[in-house]
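Novice: show me how the following folds:
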Amino acid sequence: MSMPPSPGRPRIVIIGCGFGGLEAARKLQHAAVDITIVDKTNHHLFQPLLYQVATAGLAAPSIAAPARLLFRSQPNITTLLGEATRIDPAAREVHLADGTRLPWDHLIVAAGATHSYFGHDDWSTLAPGLKTLADAFEIRRRILMSFEAAEVEPDPVRQRALLTFAVIGAGPTGVEMAGTLAEIARHTLRGEFRRIDPRTAEVLLIEGGPRVLQAMPEVLSQRALEQLQKLGVQVRLNARVTAVTPGGLEVESPFSDGGAGTGTHRIACHCVIWAAGVAASPLGRLLAEATGAECDRAGRVKVQPDLSLPGHPEISVVGDLAAAMSHRPRKDPTPVPGVSPGAKQAGRAAATNILRRIAGKETVPFRYRDYGNLATIGRNSAVVDLGTPLGPLRFSGRLAWLFWLFAHAYFLIGFRNRIVVLMDWASAYWSFQRHARVVAEVRGRGES
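Specialist: So this is what the prediction gives:
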């Protein structure tokens with residue numbers, strides 16, 4: 001599918017400066033096109049390490065880079081801070097919240113994802129999720145202030161609630177968060193309080209399915225479970241959260257004594273972290289309404305094999321916002337997972353197809369290459385599932401942890417960030433300290 005270029009240099013607008021938008025812009029850096037990137041924040045964020053900011057292991061600048069700095073050597077790129085609120089395919093304009101209109105000949109929508117509370121959006125203020133730096137700062141504040149509030153709490157029942165931390169969802173983010181929380185309580189804060197012993201804190205990991213890290217092979221899920229339990233994390237499987245309140249949550253799970261059926265019990269807890277669900281950005285449904293495209297249950301836009309929209313080859317959707325399929329020769333199409341490698345590859349593919357359209361060539365289907373999955377549990381603990389030409393390579397423990405460390409450092413944006421992160425990790429390994437434990441805003445004792 002091709003379309004004639006507009007008079008002069010083609011105008012390309014990219015919504016979102018995440019992995020997909022960043023890679024698309026990089027792919028177009030030497031093309032004779034004018035690019036505008038618009039994002040609600042002024043930075044690109046390396047989300048796989050966001051939980052380390054939330055748990056005071058890394059400072060925010062170590063995993064983020066200003067968008068203008070990233071593109072300052074690309075004169076064909078203009079970076080704007082703004083929120084896209086409407087896409088007009090007939091006029092080929094993107095409307096921003098401040099009234100600005102951005103004209104385009106080609107559009108790449110990479111607006112990412114947000115939290116899904118499965119119809120319980122009122123839980124969001126009590127159980128924050130982790131998608132942005134603001135989320136990380138809020139979670140870090142709640143974690144640290146729970147310990148502070150427990151130190152001055154005379155009531156032992158309320159003190160126990162303040163020292164109970166619940167993570168809902170045992171995907172990679174939930175597993176990494178729970179493992180790190182256990183390490184903070186057992187090691188980082190040891191000896192710093194006089195009235196409480198942080199090592200008595202309880203860390204709960206609540207998962208509605210039968211195992212942790214369900215996207216990984218069962219053998220690695222079991223190893224991850226064992227490593228979590230070794231750290232002191234209480235893992236509750238087949239457990240469904242039915243209510244989140246200011247003082248705790250209610251969980252429905254099988255009876256622990258082996259009896260038939262399930263029971264509901266209440267957990268007194270003042271710090272709850274949501275890692276259970278992901279939904280596409282609301283911009284996806286707005287785009288679907290404007291173009292006649294379809295969305296799946298998670299709000300992701302269903303795209304063509306070349307990542308464009310049906311009837312609108314000038315619009316491409318990538319990353320967590322796209323319900324994309326991988327099309328490999330002589331194989332059935334397979335869903336593209338919502339992980340950073342998928343977003344990066346889709347961004348490059350969408351940009352390549354735009355250049356093919358400009359040149360009057362046919363576009364090519366998107367082919368996702370699965371490099372595998374990684375998850376860290378804690379110090380010297382991780383699981384790795386890699387795809388290789390000779391078959392899957394799976395391992396866990398210290399070697400997996402080292403592989404996870406260097407792989408994430410390698411993919412960070414900027415040489416400085418890589419060095420700073422490696423130095424911080426080395427210091428934390430030998431000292432057990434997490435030096436980003438600064439809270440700028442104290443709202444109230446034990447506030448949820």
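
Novice: which residue sits closest to Glu183, ignoring its sequence neighbours?
Specialist: Gly378 (5.1 Å; Cβ to Cβ, 6 or more residues apart in numbering). Any C-beta I mention is one placed from the backbone N, CA and C, and that applies to glycine too.

Novice: how many neighbours does the one you found have?
Specialist: 23 (other Cβ atoms under 10 Å).

Novice: that one contacts Leu181, doesn't it?
Specialist: No - assessed by Cβ atoms under 8 Å, Gly378 is found out of contact with Leu181, at 9.5 Å.

Novice: tell me the mean pLDDT over the helix or strand encompassing Ala279?
Specialist: Element membership of Ala279, judged by DSSP states H and E, is strand 278-280. Computed over strand 278-280, the mean pLDDT rounds to 89.

Novice: go on, stretch 181-188?
Specialist: Taken as a whole, stretch 181-188 has a mean pLDDT of 93.

Novice: same question for stretch 376-394.
Specialist: Averaged across stretch 376-394, the pLDDT comes to 87.

Novice: ok, now how distant is Tyr346 from Ala24?
Specialist: One thing to correct before we go on: residue 346 is Ala, not Tyr. In this view, Ala346 and Ala24 are 8 Å apart by Cβ to Cβ, to the nearest Å.

Novice: quick check: neighbours shared by those two?
Specialist: The contact sets of Ala346 and Ala24 overlap at Val318 (Cβ atoms under 8 Å, 6 or more residues apart in numbering).

Novice: so which elements touch the host helix or strand of Arg68?
Specialist: Assigned by DSSP H and E, Arg68 belongs to helix 67-70. Applying 3 or more Cβ pairs under 8 Å, 6 or more residues apart in numbering; DSSP states H and E, we find helix 67-70 packed against strand 43-45.

Novice: and the nearest residue to Leu107 once chain neighbours are set aside, how many neighbours?
Specialist: Nearest non-adjacent residue to Leu107, counting by Cβ to Cβ, 6+ apart: Ile315, 4.8 Å away. Residues near Ile315, counting by other Cβ under 10 Å, number 25.

Novice: my read is Ile315 is in a strand, agree?
Specialist: Yes - counting by DSSP: H, G, I helix; E, B strand; the rest coil, Ile315 falls inside a strand.

Novice: so how far is Lys27 from it?
Specialist: According to Cβ to Cβ, Ile315 stands 17 Å off from Lys27.

Novice: try Thr388
Specialist: In this view, Thr388 and Lys27 are 26 Å apart by Cβ to Cβ.

Novice: then Trp425?
Specialist: Distance, Trp425 to Lys27, by Cβ to Cβ: 31 Å.

Novice: which helices and strands sit right next to the strand holding Ala279?
Specialist: strand 113-115.

Novice: skipping adjacent residues, who's closest to Asp39 in space?
Specialist: Cys17 (4.0 Å).
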